[in-house]
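J.: Next come a sequence and a model predicted from it.
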Amino acid sequence: MGMAPSLLLILAPLLFSQGTPSGPPAGARSPAIVSIDGAWAASGGVLFLSEGAGGRLFGYLGGDPGTQLISGTRAGSAVDLAFQSADGGGPLRPGLFSGTFSGASLRGTFDDGSGPVPMTLSRFSGSLLEEHWLLVDAGGSGAQVEAARLSRAGHFFGGGFRGLENCDFLACGGIIDAWTVTGISHLIETSSSGPCPTSSTLTGTLDGATKMLSGALSTSDCAGTTLGTFLGGKGGLTQGTHIQEVLELITDLCTALETESPTAIDAFHTSYLHDGRTRADFAAEFANWFADYHSLEATVVLERIITIDDGEIVPFLSGPNRLDWQLNLTGIPNAGSTREILLDYAPAPFDDGAHYLGMEGSRRVFVGNDELVPFSLDMPIAAGDGAFNNYGIWPYGVHGGNHPEGHGGIDIEFAGGANTLAVADGVILFLGPNSNFPARYDILLEARPGVVVQYDHMGAPDPAVFLGATVTRGQVLGSDPNPIHVHLAVRAAGETTCPTEHFTPAGQAVFNSLWSNASYREELVEPLRCNSLGSSFPLTASRSRITGSLSAAQIEFTRLDASTDAMTYNLLDGTGTVFESGIVSHLHTASSTSELDLTPTSPAGPTRFGLMDIVGPDLWIDWDTLARPANLSGASHYILD
């Protein structure tokens, strides 16, 4: 499914006029507008601009989550703007605008690579609200899109969406043509163009308890019409005045960095504290840059601004007010001539020192999480309470089961009667029955500002665990008399992250004791504690022999897609040449050793009856064409390349 066309070019004459303020009363004289700062109507969205030193323009495109302003300049009345867009983007394609600023309008041309087209942007006035949503295909693929909805005085104004990771749901990106909210009912209409134009209609109902939007969808494209279901959740909101305040924050910070001014530290709250880092630490870092470099240049891309919680935020997407952005700072060493990168920053889970937003007086500033140490967690299970019923542990990022999109947490099998424990101190944000296992429960635990720990399908909650309750690390959250598996996920400001990267030494020890016996079908190609959610298929894992006498110096396993277990293999010699290819014709996993059969197809030959054990990057394997080895005493040891 293709990218959305540039409706900015097609509908500009209609849409831009909506933002033009009414004229002054008869006889009155409009004051001259000399500042370009403010909002400018764009197709299905609104472009906010702020001018810094030297005519540098910083901007944010509301209503279009797939497109950002990457550079802009103003020289007198001449204005140049450059936009980038993710695959599919939204209402606006990447391209260049060149025009003239005349106070209430920007007139010029826009070129997306197909040639310049006349364009006029008009100054936008009035209130504006932007909602950020995550929409998910609930029919099996789990594919997601990020959507932005703009409203003005309570009425839909415009919006766009972009696919996350792939184009399997709605489209790669496109336009939100309508998003009508009537009570708890939502009607959403989207469109996308390209080689295979696509249109979708989503009708859903918002659950007041879970804050989840769910319903039916219909998608039509060049291949026909498909029906399905979807889920959605709101992640946050912002409004036009807040966007402009954030732009002023970024403009002042970048100007101060480029002019080597000590006022750069004013971007941070005077009581800033984040994982032990203080405002003074930033001031010292800035001073070192200013002392050792000159000709500093700051490049900024603003992606998402959240400053409002309207009470309808899905708990696992919740977080403090925040800015998703990229900052690249370069400079030339005083003792050299080659420009160097001083900072290449984009907020990521637990690497987010300039992410959270707050106020100091009337200014928008960066604030910390008020924590003295980085986040850590324990395992939700005590040592010795684990079980091996199917896999023991199913790790983060694996594609399979009901997660072809990638597993956003770790599944842990519990012995019957084992307790589920709090992995950290925190407050219960949500507690309710699991949608797939109604007799079991889901819990969301806010461990610190912006960090939510998610437990899915655990046993009945302990009486001391209820909505709003404060719990302590190690406290019993619940238990089940039967063997169960609990899904543990960690989200920072809505973004999932691998839990094992944040275990305490005690938590890591418990995990290791279970991990050594874990075994699951996907581990031939995704064997790590933390696998990549963004892996594409076919997916190949290559391993090289480090000890042993098997003929293959290297083994490649390839899984054909994320929805099936079909796998192939290649055996390579010491020169890297494939001498045998075939299929994995049998695979049976067990806690100690697993069985696999390799049936060659090129050249044809007898099946290799194998025995193996995989622990992370390490593979111990042995095979024979007559009978399966009884144990791994003669196994060869391979390591993941």
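T.: Alright, I've got the coordinates.

J.: Return the distance of the strand or helix carrying Arg545 from the chain's centre.
T.: Applying DSSP states H and E as the criterion places Arg545 in strand 539-547. The chain centre lies 30 Å from the centre of strand 539-547; the measure is Cα atoms, centre = their mean, to the nearest Å.

J.: Quickly run through the sheet partners of it, with directions.
T.: Using DSSP bridges, strand 539-547 pairs in its sheet with strand 554-559 (antiparallel), strand 636-640 (antiparallel).

J.: Determine the angle, from 0 to 180 degrees, between the next helix or strand after the first one and strand 539-547.
T.: In other words, strand 554-559. Sequence order places strand 567-572 as the next helix or strand after strand 554-559, per DSSP H and E. Counting by axes from the mean of the first three to the mean of the last three Cα atoms, to 10 degrees, strand 567-572 lies at 40 degrees to strand 539-547.

J.: contacting residues around strand 567-572?
T.: Residues outside strand 567-572 that contact it (Cβ atoms under 8 Å, 6 or more residues apart in numbering): 524-525, 551-560, 578-584, 587, 598. Heads up, the C-betas are built off the backbone N, CA and C, glycines and all.

J.: These, buried ones only, as a PyMOL selection?
T.: Typed into PyMOL, the line below selects the buried ones among the contacts of strand 567-572, using 16 or more other Cβ atoms under 10 Å:
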select buried, resi 524+525+552+553+554+555+556+557+558+559+580+581+582+583+584+587+598
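
J.: Tally up the residues packed near His294, please.
T.: 12 (other Cβ atoms under 10 Å).

J.: Which residue lies nearest the spatial centre of the protein?
T.: With distances taken as Cα atoms, centre = their mean, Glu495 lies nearest the centre of the chain, 5.1 Å away.

J.: So for it, what's the nearest residue that isn't a sequence neighbour?
T.: In this structure, Glu495 finds its nearest non-sequential neighbour in Pro349, 5.3 Å apart by Cβ to Cβ, 6 or more residues apart in numbering.

J.: List the buried residues of the biggest strand by length in the chain.
T.: As assigned by DSSP state E, the longest strand anywhere in the chain is strand 224-239. Neighbour-count burial for strand 224-239, counted by 16+ other Cβ under 10 Å, picks out Gly228, Phe230, Leu231, Gly232, Gly233, Lys234, Gly235, Gly236, Leu237, Thr238, Gln239.

J.: picking up where we left off before, now the residue nearest to Glu495: how far from Val490?
T.: The gap separating Pro349 from Val490 is 8 Å, by Cβ to Cβ, to the nearest Å.

J.: ranges for the strands of the stretch 201-350 of the chain?
T.: Under the criterion DSSP state E, counting those that start in this stretch, the stretch 201-350 of the chain contains strands at 212-221, 224-239, 273-274, 277-278, 293-306, 322-333, 340-345.

J.: as a whole number, average confidence for the longest one?
T.: Spelled out, it's strand 224-239. The average pLDDT within strand 224-239 is 96.

J.: Packing partners of that strand?
T.: Secondary-structure packing of strand 224-239 (3 or more Cβ pairs under 8 Å, 6 or more residues apart in numbering; DSSP states H and E): strand 129-137, strand 198-206, strand 212-221, strand 293-306.

J.: Save the ones you listed as CSV, and put in mean pLDDT and distance to Ala78 too.
T.: Output for the helices and strands packed on strand 224-239, formatted as CSV (pLDDT from 0 to 100; distance: least, Cβ to Cβ, whole Å):
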stretch, mean pLDDT, distance to Ala78
strand 129-137, 96, 29
strand 198-206, 97, 38
strand 212-221, 96, 42
strand 293-306, 96, 21
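
J.: ok, Leu429 - contacts?
T.: Contact partners of Leu429, counting by Cβ under 8 Å, 6+ apart, are Pro315, Ser318, Leu444, Leu445, Glu446, Val452, Leu467.

J.: From Thr205, how far out is it?
T.: Separation of Leu429 from Thr205 (Cβ to Cβ): 22 Å.

J.: Then Asn434?
T.: 20 Å.

J.: again, but for Trp325
T.: 34 Å.

J.: Of these two, which one has the most company?
T.: Trp325 (20 against 13).

J.: which one is the more buried one nearest to, not counting chain neighbours?
T.: Using Cβ to Cβ, 6+ apart, the closest residue to Trp325 is Leu302 (4.9 Å).

J.: Can you name the residues that contact the one you found?
T.: Phe58, Gly59, Tyr60, Gln68, Leu69, Val246, Leu247, Ile250, Leu323, Asp324, Trp325 are the contacts of Leu302 under Cβ under 8 Å, 6+ apart.

J.: what's the burial count for the second one?
T.: Read that as Gly59. Residues lying near Gly59 (other Cβ under 10 Å) number 24.

J.: same deal with the fourth one?
T.: Other residues lying near Gln68 total 24 when counted by other Cβ under 10 Å.

J.: Let me see the confidence value for it.
T.: According to the prediction, Gln68 has pLDDT 93.

J.: sorry, back to before: please spell out which residues along the strand holding Arg545 are buried.
T.: By 16+ other Cβ under 10 Å, the buried positions in strand 539-547 come out as Leu539, Ala541, Arg543, Arg545.

J.: on that earlier part again, which of Pro349 and Val490 has more neighbours?
T.: Val490 (28 against 20).

J.: Can you name the residues that contact the closest residue in space to that one that isn't next to it in sequence?
T.: Residue nearest to Val490 in three dimensions, not counting chain neighbours: Pro499, with 4.8 Å by Cβ to Cβ, 6+ apart. The contact partners of Pro499, by Cβ under 8 Å, 6+ apart, come to Leu377, Tyr396, Gly409, Ile410, Leu488, Ala489, Val490.

J.: what's the answer for Gln244, then?
T.: By Cβ under 8 Å, 6+ apart, the contact set of Gln244 is Asp37, Gly38, Ala39, Phe48, Ser50.

J.: Beta-bridge partners for the last one, please?
T.: Read it as Ser50. Beta-bridge partners of Ser50, as defined by DSSP bridges: Phe58.

J.: likewise the third one?
T.: Taking DSSP bridges, one obtains Phe48 as the residues bridged to Ala39.

J.: Dump the strands paired with strand 539-547 to CSV, plus distance to Leu135 and mean pLDDT.
T.: Below are those laid out as CSV (distance: least, Cβ to Cβ, whole Å; pLDDT from 0 to 100):
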stretch, distance to Leu135, mean pLDDT
strand 554-559, 28, 98
strand 636-640, 35, 98
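
J.: To Val373, which of these lies closest?
T.: Taking Cβ to Cβ, strand 636-640 is the member of the strands paired with strand 539-547 nearest to Val373, at 32.4 Å.

J.: How about exporting the closest one as CSV, limited to the C-alpha atoms?
T.: Extracted in CSV, the C-alpha atoms of strand 636-640 (Å, rounded to 0.1, in the frame of the first residue of the first chain):
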residue,chain,number,x,y,z
SER,A,636,30.0,-29.4,18.5
HIS,A,637,29.7,-25.9,19.9
TYR,A,638,28.6,-23.0,17.7
ILE,A,639,28.3,-19.3,18.5
LEU,A,640,26.0,-16.8,17.0
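
J.: Please give the centre-to-centre distance between that strand and its chain.
T.: Using Cα atoms, centre = their mean, the offset of strand 636-640 from its chain centre is 33 Å.

J.: re the thing from before, let me know the angle separating the longest strand of the chain from strand 198-206.
T.: 60 degrees.

J.: Next, give phi and psi for Leu550.
T.: Dihedral pair for Leu550: phi -60, psi 150, per degrees, to the nearest 10.

J.: Nearest residue to Gly576 in space, ignoring adjacent ones along the chain?
T.: Counting by Cβ to Cβ, 6+ apart, Gly576 lies nearest to Gln554, which is 6.9 Å off, once chain neighbours are set aside.

J.: separation between the one you found and Asp618?
T.: From Gln554 to Asp618 the distance is 15 Å (Cβ to Cβ).

J.: Likewise for Gly417?
T.: Distance, Gly417 to Asp618, using Cβ to Cβ: 33 Å.

J.: on that earlier part again, please name the bridge partners of the residue nearest to the centre of the chain.
T.: Bridge pairing for Glu495 - DSSP bridges - gives Ala492.
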